[in-house]
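**Q** Based on what follows, work out the 3D shape:
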Amino acid sequence: MGVWFSCLTHTSAPARCDNRGQEICGVGGNTACTVAAAASNSVKDGIAAKETGQGRRYQVPLPRGRGYHGAGGNRAMGFAAEQLTRVKPLWDRMLSHRFLIETRDGRIPDDRFAVWMRQDYLFVEAAIPFIAAMIPKAPPKHWESLAGVISALFKELKLFEERAQAVGVHLRGAPPSFTNHAYIQFLLATAYRASYAEAYTVLYTAEKAYYDSWSVVKNGLPNTSKWYPFVENWAGEAFAGYVQFLEGELNALAAEAGPAERARMAEYFELTTKYEMAFWEMAATGEGWPGD
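**A** Got it, this is the predicted structure:
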């Protein structure tokens, strides 16, 4: 999952944005824009979406005081940072995966990259009902931002469709791979059966994984590459701002959670990291199903 961006306002938020300048916003302290932010009026807790005109950019100011580790005060290390430290060996393995390195170096075979495109397209489709299922459990202050994420995911599907048409990749017709099927089932089961804080952990971890992963690719892939629009989508400042917003909200949820729920959140963080790593491996190998 992922989206796109740009901006700067004192009280604004982070963003998911697309390669065409469409954006999502949402983080205290900095502004970012996001495709996910649908235009709407101000709401009680200060979230507002405002069309600014240029490139269908939307700004979504959030309340002040939601910093990078914004779990009700400035902690030296919030829940998200704690988990990133705890799973660092896994995270480092994910970021050094051959799929990312070969894409960064321009060595990824087109057919292998096409596998990733088809499978991630299916995953983004599944992420829409995942987010939708979270909304009834969410605190009212999160309704607008989650609705914005759904809007952003539709924009992301269009990015895949536009890139696929440009490079001659057929997105439709491929079934989910074994790993992708398992990840999608995990995603949906979490939304329906787990607590809101646990599902939010999965959302944050998946988005953080994509930002960090595509940042690896950005560190070497020329902007003339036919795959560079995906780098723009997931490794830009707007998406960084969106991830930062998620981190602050996750830290706040963890601060309110009891020990048992917080332990489950940590488990979901690690499981999602492993699924993200498995997804890159699936794309690199063109994995099918056992017995095929």
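
**Q** Grab the most central residue of the chain for me.
**A** Central residue of the chain (Cα atoms, centre = their mean): Glu207, 2.5 Å from the mean position.

**Q** ok, that one to Pro222 distance?
**A** The spacing between Glu207 and Pro222, counted by Cβ to Cβ, to the nearest Å, is 25 Å. Placement of C-beta: from N, CA and C, glycine included.

**Q** now swap in Asp110 and tell me
**A** Look at Asp110 and Pro222: by Cβ to Cβ, they are 16 Å apart.

**Q** Looking at the two, which has the bigger crowd around it?
**A** Ranked by neighbour count (other Cβ atoms under 10 Å), Asp110 and Pro222 place Asp110 first, with 12 against 7.

**Q** hang on, the more buried one packs against Trp116?
**A** No. Applying Cβ atoms under 8 Å, one finds Asp110 not in contact with Trp116, separated by 10.9 Å.

**Q** Which residue, other than its chain neighbours, is closest to Thr205?
**A** Thr272 (3.9 Å; Cβ to Cβ, 6 or more residues apart in numbering).

**Q** Tell me the secondary structure at the one you found.
**A** Here Thr272 is helix, with the state taken from DSSP: H, G, I helix; E, B strand; the rest coil.

**Q** for Gly148, same thing?
**A** Per three-state DSSP, Gly148 ends up helix.

**Q** Just the helices from the chain, written as ranges.
**A** 79-86, 88-95, 98-104, 110-134, 140-167, 178-193, 196-218, 228-234, 237-256, 259-285 (DSSP state H).

**Q** For Asp292, which of those is the nearest?
**A** Closest approach to Asp292 among the helices of the chain (Cβ to Cβ): helix 178-193, 8.9 Å.

**Q** what residues are up against Asp160?
**A** No Asp there; residue 160 is Phe. If you count contacts by Cβ atoms under 8 Å, 6 or more residues apart in numbering, Phe160 has them with Met117, Asp120, Tyr121, Val124, Leu171.

**Q** and which of these is nearest Ala191?
**A** Val124 (14.9 Å).

**Q** Neighbours of that closest one, how many?
**A** 19.

**Q** again with Ser96
**A** Close neighbours of Ser96, defined as other Cβ under 10 Å, add up to 10.

**Q** Touching, the residue nearest to the centre of the chain and Phe245? I think so.
**A** No. In this structure, Glu207 is not within contact of Phe245 by Cβ under 8 Å, at 9.9 Å.

**Q** Would you mind measuring from the closest residue to Phe79 other than its chain neighbours to Glu276?
**A** Nearest residue to Phe79 in three dimensions, chain neighbours excluded: Ala254, at 3.4 Å (Cβ to Cβ, 6+ apart). Distance of Ala254 to Glu276, computed by Cβ to Cβ: 20 Å.
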